[in-house]
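Engineer: Below are the sequence and a predicted model for it; my questions follow.
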Amino acid sequence: MTILFDGLAAGMLLFLISVGLSVTLGLMNFVNLAHGAFAMLGGYVCAVLLARGDVPFLLALPAAAAVCGLAGLVLERTLYRRLYAASHLDQVLFSIGLTFMAMSAAYYIFGAQQQPFVLPSFLRGQIRLPGVDIGLYRLFLIGIGLALAGALQLLVSRTRFGARLRAAVDNPRVARGLGIDVDRVFTLTFVLGSALAGLGGALGVDMLGLDPSFPLKYIVYFLIVVAVGGTGSITGSLLAALLLGVVDVAGKYYLPQIGAFAIYALMLATLLVRPQGLFGRAAAK
Amino acid sequence: MNNPALPELSALRQAARWRRAEVIFWLLPLAAYFAFPSKLVLLSQMAITALFALSLDLILGYAGIISLGHVAFFGVGAYAAGLLARHGYADPLLGLAVAGALAAIVGYLSSFLVLRGGDLTRLMATLGVAMMLFEAANQLGAYTGGVDGLQGVVMRPLLGQFAFDLYGRTAYGYSLTVLFALFWLARRLVHSPFGLSLRGIRQNARRMPALGVPVRARLVAVYSLAAAYAGVAGALLTQTTQFVSLDVLAFPRSAELLLIVVLGGAGCLYGALIGTIVFMSAHHFLAGINPQFWPFWLGAVLVLVVLFARDGLIGLGRRWAAPATEKR
């Protein structure tokens, strides 16, 4: 039971970080491998605010998201937008380039060591129930994850902005013809994706650690979530992340000798059966 | 020309002919042997990386398959050669052949996984295959040495004559010869009808079946062939350094390789070679100044290439020389 719970929490964390990617990659169809770099930025902002600024944790989280959103805004306006129409290969190379630069910059500013990080006291500790130990922070993660998933799903499927976004992605030309400011919609969406990355990164510091190699170490996991969940589906990402979290934790617990093998095998099996992901739309380019 | 039933092919034939610049290009590595006798180890690394880049160029530049996991085959070749040598079959050429064949088999098997779906699926599938092999090599420490790497690889002299020496003379000659032989083969291949059909597939995959080209079979074939090339490159690295580290399967190597090919100019065999030379030289000097900030420059170059020089150095050179000579 505890393993199942830990797996769910790990999966929820995975979801929190990758949901931003599922917005940029899934909805906007931009292969943004620099997503991990945004998450790292969020992590550093949060860690620095906590350690040096004495800012409460619950305030540092939105701050991290805001800083990343701002960084996303600047980068989108200057660089990313030139590449929306480019091939996937160009997008991959460009965002790998950004990632390398971000990693070097992080090393320059913060050094190679892990950042110290202490959770506030009200999120430490455990609740003991018969048969299952519940870490408070994990419970907190699951709560935030569910809330975010619900909010995003509503945003995309129910609001005017969501409708515009879907229109802009499906057919930018017609969307423009209908008077939708496609550039603005894309900018806002990208900012949203970056802010979510920052939030996820800040939440993940406690469980994943934080050092300059973070973007490359975990980007594969984020990509797997989106690939398995199917592009353009928030619920798909959520379910995929939970599934991967449980499989990963259970795999490491029961069969430690195979390590991370389980999660890659799961992804390949998924791609073999459904190349467009579990919940993907077949129409995605 | 004499037979009116045959379409005009002289342009294609002419493109396949060796030009003077190419001959000069291939004399450069020979000159380098005498010019930089103290850098032979670096030079043979260059030759090996060039071969590896060549193999990625075959699938990326010609067939248009994006791969983030080409290291998988490099690693298979490297470990195959290393394990073979450790178990007593230390003949270098035998090692190359076995490594190439094994990598081709892995490539053939994984091609069915990779060639489904669109770009993103391919990215993830290639990445997944590479990561699985990485984990496998990491976990099977009893055979592969795990994170410590595979040590104690001792090769027999090449052809029974040339022992691998400390200065890397044999290693350089050996790598260069293999590179040239395989380059020659690849050059023949891309100018053959097979190579032309690959370019056709990259440009318009829907139209090629109408011309009677079995698209899938062609892609599977070139993917397996590129895997074999990468396997040979991996085996060369093992044999010349007498060591296999887990790093041969790691993700950054795939990313670097993509950069090399794109920097040089994808879709042109010399692009892969020139990209390698520029990249490795830059690495050598910049990393010599400050190894920690090397990735920063690497990233900056990637971003600039994507934004401003999409066809790589070869493309830049062509545009520069375009008014003078109309080629291709």
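Structural biologist: Sure, I can see it. Numbering: from 1, shown residues only, chains lettered A, B, ... in the order given.
Engineer: B:Ser197: what's it in contact with?
Structural biologist: B:208, B:213, B:218 (C-beta atoms under 8 Å, 6 or more residues apart in numbering or on different chains). All C-beta spots, glycine's among them, are computed from the backbone N, C-alpha and C.
Engineer: B:Leu83 now?
Structural biologist: Here B:Leu83 is in contact with B:143-144, B:150 (C-beta under 8 Å, 6+ apart).
Engineer: Show me where the stretch 151-285 of chain A has its helices.
Structural biologist: A:160-170, A:172-177, A:182-208, A:214-229, A:234-254, A:261-273 (DSSP state H, counting those that start in this stretch).
Engineer: how about the strands in chain B?
Structural biologist: Assigned by DSSP state E, the strands in chain B number zero.
Engineer: Which residue ranges of the stretch 1-150 of chain A form strands?
Structural biologist: Per DSSP state E, counting those that start in this stretch, the stretch 1-150 of chain A carries strands over the ranges A:126-129, A:132-135.
Engineer: now for those, which one comes closest to chain B?
Structural biologist: Of all those, strand A:132-135 sits nearest to chain B, with 27.2 Å by C-beta to the nearest C-beta.
Engineer: And that closest one, what does it pack against?
Structural biologist: helix A:2-21, strand A:126-129 (3 or more C-beta pairs under 8 Å, 6 or more residues apart in numbering or on different chains; DSSP states H and E).
Engineer: lowest-confidence stretch among the ones you listed?
Structural biologist: Looking over the helices and strands packed on strand A:132-135, mean pLDDT reaches its minimum on strand A:126-129, with a mean of 70.
Engineer: What strands line up against that one, and which way round?
Structural biologist: strand A:132-135 (antiparallel) (DSSP bridges).
Engineer: Roughly how far does the residue minimising distance to the centre of chain B sit from chain A?
Structural biologist: Closest residue to the average C-alpha location of chain B: B:Phe52 at 2.2 Å, with C-alpha atoms, centre = their mean. For B:Phe52, the distance to chain A equals 17 Å [C-beta to the nearest C-beta, to the nearest Å].
Engineer: Give me the local confidence score for that residue.
Structural biologist: The model's pLDDT for B:Phe52 equals 89.
Engineer: wait, doesn't B:Ser175 sit right on B:Thr240?
Structural biologist: Yes - if you go by C-beta atoms under 8 Å, B:Ser175 and B:Thr240 touch, sitting 6.2 Å apart.
Engineer: More neighbours: the two, which one.
Structural biologist: Each of B:Ser175 and B:Thr240 has its neighbours counted (other C-beta atoms under 10 Å in any protein chain shown); B:Ser175 has more, 27 against 22.
Engineer: Please work out how many residues are found near the residue nearest to B:Ala78 when sequence neighbours are not counted.
Structural biologist: Taking C-beta to C-beta, 6 or more residues apart in numbering or on different chains, and ignoring the residues beside it in sequence, B:Ala78 has B:Gly234 as its nearest neighbour in space, at 3.5 Å. A total of 33 residues lie near B:Gly234 under the criterion other C-beta under 10 Å.
Engineer: cool, B:Arg188 as well?
Structural biologist: Neighbour tally, B:Arg188, other C-beta under 10 Å: 12.
Engineer: contacting residues for A:Val55?
Structural biologist: A:49, A:63.
Engineer: Ramachandran coordinates for it?
Structural biologist: The phi/psi pair for A:Val55 (degrees, to the nearest 10) reads phi -90, psi 140.
Engineer: what does the model give it for pLDDT?
Structural biologist: Looking at A:Val55, the pLDDT reads 75.
Engineer: what's the answer for B:Ala230, then?
Structural biologist: 90.
Engineer: before we move on, back to that, can you list which of the contacts of B:Leu83 are found in helices?
Structural biologist: Those of the contacts of B:Leu83 mapping onto helices are B:143-144, per DSSP state H.
Engineer: A:Ala37 and A:Leu208, how far apart?
Structural biologist: Distance, A:Ala37 to A:Leu208, using C-beta to C-beta, to the nearest Å: 14 Å.
Engineer: again, but for A:Tyr254
Structural biologist: Going from A:Tyr254 to A:Leu208 by C-beta to C-beta gives 22 Å.
Engineer: quick one, which of these two is more surrounded?
Structural biologist: Neighbour count, other C-beta under 10 Å: between A:Tyr254 and A:Leu208, A:Leu208 has more, with 19 against 10.
Engineer: Turn the helices and strands packed on strand A:132-135 into JSON lines, including mean neighbour count and distance to A:Met101.
Structural biologist: Output for those, formatted as JSON lines (neighbours: other C-beta atoms under 10 Å in any protein chain shown; distance: least, C-beta to C-beta, whole Å):
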{"stretch": "helix A:2-21", "mean neighbour count": "24", "distance to A:Met101": "19"}
{"stretch": "strand A:126-129", "mean neighbour count": "11", "distance to A:Met101": "40"}
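Engineer: is it possible to export those to JSON lines including distance to A:Phe110?
Structural biologist: Formatted as JSON lines, those follow (distance: least, C-beta to C-beta, whole Å):
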{"stretch": "helix A:2-21", "distance to A:Phe110": "19"}
{"stretch": "strand A:126-129", "distance to A:Phe110": "31"}
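Engineer: of all the ones you listed, which lies closest to B:Arg202?
Structural biologist: helix A:2-21 (27.6 Å; C-beta to C-beta).
Engineer: Please put the alpha-carbon coordinates of that closest one into CSV.
Structural biologist: Taking C-alpha atoms only, helix A:2-21 is exported to CSV below (Å, rounded to 0.1, in the frame of the first residue of the first chain):
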residue,chain,number,x,y,z
THR,A,2,2.8,2.4,1.0
ILE,A,3,4.4,1.6,-2.3
LEU,A,4,1.3,2.4,-4.2
PHE,A,5,0.9,5.6,-2.4
ASP,A,6,4.6,6.6,-2.9
GLY,A,7,4.2,5.7,-6.5
LEU,A,8,1.2,7.9,-6.9
ALA,A,9,3.0,10.7,-5.2
ALA,A,10,6.0,10.3,-7.5
GLY,A,11,3.7,10.1,-10.4
MET,A,12,1.9,13.3,-9.3
LEU,A,13,5.2,15.1,-9.0
LEU,A,14,6.1,13.8,-12.5
PHE,A,15,2.8,15.2,-13.7
LEU,A,16,3.4,18.5,-12.0
ILE,A,17,6.6,19.0,-13.8
SER,A,18,5.6,17.6,-17.2
VAL,A,19,2.2,19.2,-17.4
GLY,A,20,4.0,22.3,-18.7
LEU,A,21,5.6,20.3,-21.4
